[in-house]
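In: only geometry, no sequence info:
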């Protein structure tokens, strides 16, 4: 069976495998297996960093890792103990992280694992979804309405946005009456744009602060939501907060780690900054430590990092994608800018990962 894989630890090793084993339904215990044919698989900065050998590890016994974690598939066959909402012919997506041994893993919160070793499909120690077919446990499957069609490939990235918003709400329960009125989203890649969408759907006034100067595809997408786009080339984040804040919430989704400290100074009193970027490099920076400390302490501000998403976040993402499809017709389609037609076009995919150009979301459609 065809699959796109890398040799973790070796940069630029992405290649097409023709001998990846066929998945077996009974490989999942207790009749919970779901056999899925891949419809589409998105790629993102994580895949780029794996391509560049910044992290990633193969499953035990293999010297390669099948990549791809942003999956959408159509069910081919189900085991006898699979719930009725997952049926042959229906669309599904699978979550990414699988349980380890910590207390949090044991209660279904593997996105909060305290294990040093974690298991993520297509990222670390588990093969991913860039293959013709895959099998997974129905516990990690989320049904996708047929009406969403290929747009369902955006479910994994929007799950990160949903977790960012949900964790901010959980943290801000300390304030008893907190409701975000104004928010900033740093970055206008897929996660930034989908975070802006999730916040607009919650009637939050959103400022998207990103590098490109308008007019640009990203700024046009932000404008189409009725949100505000500001270029970082013209306005600092603190200046944006002065003009359009105070920001009750800032979600950082740029992949540029020094921005965390800028966001800490731009968030309003009693506000929260959620960091979503995993940065694989070794970048360092100087910060105004006393000013940042006083700003956080005297303003009861919170700085928090999140990683991965729970099944609950995927389910909320489905609801928001369906609502967005109705409220902003065509908007989701405009995110899906760059299809790669066929697993065999692995060199084109690798080139896109290294240099996305003007692509907003690159994704692979397996050849039929």
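Out: The structure has been received and is ready for your questions. Because the structure is predicted, anything quoted here is derived from the model rather than measured. Residues are numbered from 1 along each chain as shown.
In: Cross-check the contact I'm expecting between residue 241 and residue 263.
Out: No: contact between residue 241 and residue 263 fails when scored by Cβ atoms under 8 Å: they sit 9.4 Å apart. Every C-beta, even on glycine, is put in place using the N, C-alpha and C of the backbone.
In: who touches both of the two?
Out: residue 184 (Cβ atoms under 8 Å, 6 or more residues apart in numbering).
In: so what does the host helix or strand of residue 142 touch, helix or strand wise?
Out: Per DSSP states H and E, residue 142 falls inside strand 141-144. Helices and strands touching strand 141-144, by 3 or more Cβ pairs under 8 Å, 6 or more residues apart in numbering; DSSP states H and E, are strand 91-94, helix 311-327.
In: Report the strands that pair with that strand, each with its relative direction.
Out: strand 91-94 (antiparallel) (DSSP bridges).
In: can you pull the pLDDT of the residue nearest the centre of the chain?
Out: Central residue of the chain (Cα atoms, centre = their mean): residue 157, 2.9 Å from the mean position. Note for residue 157: predicted pLDDT of 97.
In: Let me see the contact set for it.
Out: Contacts for residue 157 (Cβ under 8 Å, 6+ apart) come out as 42, 44, 70, 190, 191, 194, 361.
In: before we move on, the earlier item: as TSV, the helices and strands packed on strand 141-144 with mean neighbour count would be great.
Out: Formatted as TSV, the helices and strands packed on strand 141-144 follow (neighbours: other Cβ atoms under 10 Å):
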stretch	mean neighbour count
strand 91-94	25
helix 311-327	19
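In: so which of those gets nearest residue 74?
Out: Relative to residue 74, the nearest member of the helices and strands packed on strand 141-144 by Cβ to Cβ is strand 91-94, separated by 5.8 Å.
In: where do the helices sit along this protein?
Out: 45-51, 103-106, 155-171, 190-200, 217-224, 237-244, 259-266, 289-298, 311-327, 331-335, 346-354 (DSSP state H).
In: Go through those and name the closest to residue 25.
Out: The nearest among the helices of the chain, by Cβ to Cβ, is helix 311-327 at 21.1 Å.
In: tell me what that closest one is packed against?
Out: strand 141-144, helix 155-171, helix 190-200, helix 331-335.
In: and those, which is most packed in?
Out: Greatest average neighbour count among these goes to helix 190-200 (a mean of 27), per mean count of other Cβ atoms under 10 Å.
In: by how many degrees do that helix and helix 311-327 diverge?
Out: When axes from the mean of the first three to the mean of the last three Cα atoms, to 10 degrees is applied, the directions of helix 190-200 and helix 311-327 differ by 70 degrees.
In: what packs against helix 190-200?
Out: So helix 190-200, by 3+ Cβ pairs under 8 Å, 6+ apart, packs with helix 155-171, strand 182-186, strand 205-210, helix 217-224, strand 247-252, helix 311-327, helix 331-335.
In: could you give the angle of it to strand 205-210?
Out: 170 degrees.
In: Got the domain ranges for this structure?
Out: If you go by automatic domain parsing, the domain ranges for the chain are 3-144+337-365, 159-305.
In: average pLDDT across the first one?
Out: To tie it back to what came earlier, the one meant is domain 3-144+337-365. 96.
In: what distance separates the start and the end of that domain?
Out: Chord length of domain 3-144+337-365, first to last residue, is 12 Å (Cα to Cα, to the nearest Å).
In: Please state the offset of it from the chain centre?
Out: 13 Å (Cα atoms, centre = their mean, to the nearest Å).
In: do stretch 152-163 as well
Out: With Cα atoms, centre = their mean, you get 5 Å for stretch 152-163.
In: cool, stretch 146-158 as well?
Out: Worked out by Cα atoms, centre = their mean, stretch 146-158 lies 12 Å from the chain centre.
In: what's the span of that stretch, first residue to last?
Out: 18 Å.
In: Could you list the low-pLDDT ranges of the stretch 151-300 of the chain?
Out: Applying pLDDT under 70 to the stretch 151-300 of the chain flags residues 280.
In: any chance of the helices and strands packed on helix 190-200 in CSV, plus distance to residue 92?
Out: Below are the helices and strands packed on helix 190-200 laid out as CSV (distance: least, Cβ to Cβ, whole Å):
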stretch, distance to residue 92
helix 155-171, 10
strand 182-186, 28
strand 205-210, 30
helix 217-224, 27
strand 247-252, 27
helix 311-327, 10
helix 331-335, 18
